[in-house]
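[1] Sequence first, then the predicted structure:
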Amino acid sequence: MVGRFPHVAAVAVTLLLATAACGTDTEAPSNGESGSVVVFAAASLTESFGELQTALKSSTPGLSVTYSFAGSGALVTQVQQGAPADVIATADTASMSRLTDGGLVETPVVFARNRLEILVEPGNPKRISGLSDLSRTDIKLVLGDETVPFGRFSAQALQAAGVAADPVSKEPDVKAAVAKVTSGEADVAIVYVTDVAAAGSRGQGVEIPDDQNVVIEYPIAIVKTTGNRPAAVAFVDAVVEGRGQGILQENGFLAG
């Protein structure tokens, strides 16, 4: 943990969950902090941030929040190119470091942690028991591209297990990998524990042992070019110290 943002009291945040690529915003009467805040967030945060919307929507609606969900690498590149984001939350510290090294964000805070799990079809028809099975030629394996966190972490896990895998595709974000399995286009993928949980009855998880797994830290930071810093701080507080912590852990994240 590298620090905490100061608490902003009596600030209402109305969070609107949008598609996996971008959000929609809504204007609300001013009460406390007001204005529009754009939040760039890793795709694996989609469900948790959506539930945070529900938990906070009864608060005084003084703030309009727009989500943009995508792979962390793509979000970082957009911020580097001047995209109008106020807050960014990534699925790894390395991606965030590109922004801190460039002086583009304030000091990040690690707010959650995650782990990897194998996602298979319901009933596990291919009888996948662990990473060692992912080298089999009779399965269609999907991994993440190495430019995104879950792809790099999956490669680390496979290396730790001594497995040489040949995926049928490498996806740009974890939700795309999940969709390949839940739609029947692939038999198996390595994703986050939280994404297996989010798949519900459309998928099934196979645990990866600790000595082959990775603990992933999720940092959040305010973009220095924000036009509404008090409102951005309020949103970050809701994630780091507010209701967001309980929601994240209910969805399978580990405490930050």
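    Great, that's in hand.
[2] alpha carbons only for contacts and neighbour counts from here, please
    OK.
[3] Would you mark the buried spots in stretch 205-214?
    For stretch 205-214, burial by neighbour count (16 or more other C-alpha atoms under 10 Å) applies to G205, V206, I208, Q212, N213, V214.
[4] Need the CA coordinates for it. PDB is fine.
    What follows is stretch 205-214, C-alpha atoms only, in PDB (Å, rounded to 0.1, in the frame of the first residue of the first chain):
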ATOM      1  CA  GLY A 205     -13.200 -23.200 -12.400                       C
ATOM      2  CA  VAL A 206     -10.100 -25.400 -11.900                       C
ATOM      3  CA  GLU A 207      -7.800 -24.100  -9.200                       C
ATOM      4  CA  ILE A 208      -4.100 -23.400  -9.800                       C
ATOM      5  CA  PRO A 209      -1.900 -24.300  -6.900                       C
ATOM      6  CA  ASP A 210       0.000 -21.500  -5.000                       C
ATOM      7  CA  ASP A 211       3.400 -22.500  -6.300                       C
ATOM      8  CA  GLN A 212       2.200 -22.000  -9.900                       C
ATOM      9  CA  ASN A 213      -0.100 -19.100  -9.300                       C
ATOM     10  CA  VAL A 214       0.400 -15.300  -9.200                       C
END
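[5] Just the mean pLDDT for it, thanks.
    Taken as a whole, stretch 205-214 has a mean pLDDT of 97.
[6] Report the residue ranges of every domain in the chain.
    14-113+218-255, 116-212 (automatic domain parsing).
[7] Go through those domains and find the least confident stretch.
    domain 14-113+218-255 (a mean of 83).
[8] other SSEs contacting the helix or strand harbouring T100?
    If you go by DSSP states H and E, T100 is part of helix 93-101. Counting by 3 or more C-alpha pairs under 8 Å, 6 or more residues apart in numbering; DSSP states H and E, the packing neighbours recorded for helix 93-101 are helix 72-80, strand 216-222.
[9] still on that earlier bit, tell me which of the buried residues of stretch 205-214 fall in strands.
    By the criterion of DSSP state E, membership of those in strands covers G205, V206.
[10] any chance of the buried residues of stretch 205-214 in JSON lines, plus distance to Q156?
    Converted to JSON lines, the buried residues of stretch 205-214 look like this (distance: C-alpha to C-alpha, whole Å):
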{"residue": "G205", "distance to Q156": "19"}
{"residue": "V206", "distance to Q156": "17"}
{"residue": "I208", "distance to Q156": "12"}
{"residue": "Q212", "distance to Q156": "8"}
{"residue": "N213", "distance to Q156": "8"}
{"residue": "V214", "distance to Q156": "8"}
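[11] Nearest to E241 among the buried residues of stretch 205-214?
    Nearest to E241 among those is V214, at 24.7 Å by C-alpha to C-alpha.
[12] Once you drop chain neighbours, what's closest to that closest one?
    Excluding its sequence neighbours, the residue lying closest to V214 (C-alpha to C-alpha, 6 or more residues apart in numbering) is R115, at 5.8 Å.
[13] Identify the residues contacting R98.
    V76 (C-alpha atoms under 8 Å, 6 or more residues apart in numbering).
[14] same deal with F153?
    Per C-alpha under 8 Å, 6+ apart, neighbours of F153: L116, V214.
[15] run the last query once more with 6 Å
    Listed by C-alpha atoms under 6 Å, 6 or more residues apart in numbering, F153 has no contact partners.
[16] separation between it and R136?
    20 Å (C-alpha to C-alpha, to the nearest Å).
[17] do the same with I247
    In terms of C-alpha to C-alpha, I247 sits 37 Å off from R136.
[18] Looking only at neighbour counts, state which of those two leads.
    I247 (19 against 14; other C-alpha atoms under 10 Å).
[19] Now do the more buried one against G144, distance only.
    The value you get for I247 to G144, if C-alpha to C-alpha is used, is 26 Å.
[20] ok, now A70?
    13 Å.
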